[in-house]
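Trainee: fold the stuff below for me.
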Amino acid sequence: MKTKLLVLALVGIFAFSSVQAQEQGDMRASIGLALGSIAGIDTNNGEFKMGLGITPGFEYVFVDAMSANASYDFYFKTEENGGEYKYSSFNIDYRYYFMTDDLQVYGLAGLGFVKVDLGAAGSASDTGLNLGLGAIYPIADAVGIHAQLKYNTKKAQDFSGDEKANLAINIGATFMF
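Mentor: So this is what the prediction gives:
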């Protein structure tokens, strides 16, 4: 019983102290490199492979330690047997910051509007749920570096018929204003 009370007290202190640094009205812009698990196509067998892309984003803190983030994951196209494959996702995510001191750690949940473009074979768009976590570390007054891991539940189908969801790693720079 004493252990449970101690853990509850520590969680309460941590939660209270971590809400102080993020302030309502803060805004950030970011640019990063993304590595997506289904963002490319293997030219030998038509199956998904890792793909590289660019991710610009904008974040607005609407309540201390809570923010809305809009981002666009644009992956470079790959070609397979004369066909092309392009994966992109427009994301609207809610972030909750668990730690807001020097290292700012957050969890995220939101919607990802996914588009898969198969060139002449057509394209498909759908919506999936985004789940993930990330961190921002300030390196100067208005600049930080960030890392994020995000899973989108919407599955896409590759040329071999397999369906998989995207797991993306994003690393880049964040600019505060």
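Trainee: which stretches of this structure form strands?
Mentor: In the chain, the strands defined using DSSP state E lie at 27-41, 48-63, 66-75, 78-80, 83-100, 104-117, 123-138, 143-157, 163-176.
Trainee: what about A39, how many residues nearby?
Mentor: As a burial measure, A39 scores 28 neighbours (other CB atoms under 10 Å). For the C-beta atoms, the positions are set from N, CA and C on the backbone; glycine is no exception.
Trainee: for G132, same thing?
Mentor: The number of residues packed near G132 is 21, by other CB under 10 Å.
Trainee: dump the residue contacts of the residue nearest to it when sequence neighbours are not counted.
Mentor: Leaving aside its chain neighbours, G132 sits nearest to K150 (3.6 Å; criterion: CB to CB, 6 or more residues apart in numbering). Residues in contact with K150 (CB atoms under 8 Å, 6 or more residues apart in numbering) are 91, 93, 108, 130-132, 134, 167-168, 170.
Trainee: coming back round to it: weakest of the strands of the chain in terms of mean pLDDT?
Mentor: Lowest mean pLDDT within the strands of the chain: strand 78-80, at a mean of 77.
Trainee: just want the most central residue of this structure.
Mentor: For the chain, K150 is the residue whose C-alpha lies nearest the centre (CA atoms, centre = their mean; 4.3 Å).
Trainee: what number of residues lie near V105?
Mentor: V105 has 16 neighbouring residues, counting by other CB under 10 Å.
Trainee: who does it bridge with?
Mentor: Beta-bridge pairing for V105 (DSSP bridges): M99, A135.
Trainee: same question, the one 5 residues further on
Mentor: Here G110 sits in beta bridges with D93, N130, as judged by DSSP bridges.
Trainee: so what's it up against?
Mentor: Taking CB under 8 Å, 6+ apart, one finds 69, 91-94, 129-130 in contact with G110.
Trainee: how about the residues you listed, which pair is most distant?
Mentor: Pairwise distances across the contacts of G110 (CB to CB) peak at 15.0 Å, for the pair N69 and L129.
Trainee: which one of the two has more residues nearby?
Mentor: A direct count of neighbours by other CB under 10 Å for N69 and L129 places N69 higher, at 22 against 13.
Trainee: enumerate every residue touching the more buried one.
Mentor: Contacts of N69 by CB under 8 Å, 6+ apart are 57-60, 91-95, 108, 110.
Trainee: measure the residue lying closest to Q148 once chain neighbours are set aside to D93 for me?
Mentor: Distances taken as CB to CB, 6+ apart place G134 nearest to Q148, at 3.3 Å, with adjacent residues excluded. As judged by CB to CB, to the nearest Å, G134 and D93 stand 10 Å apart.
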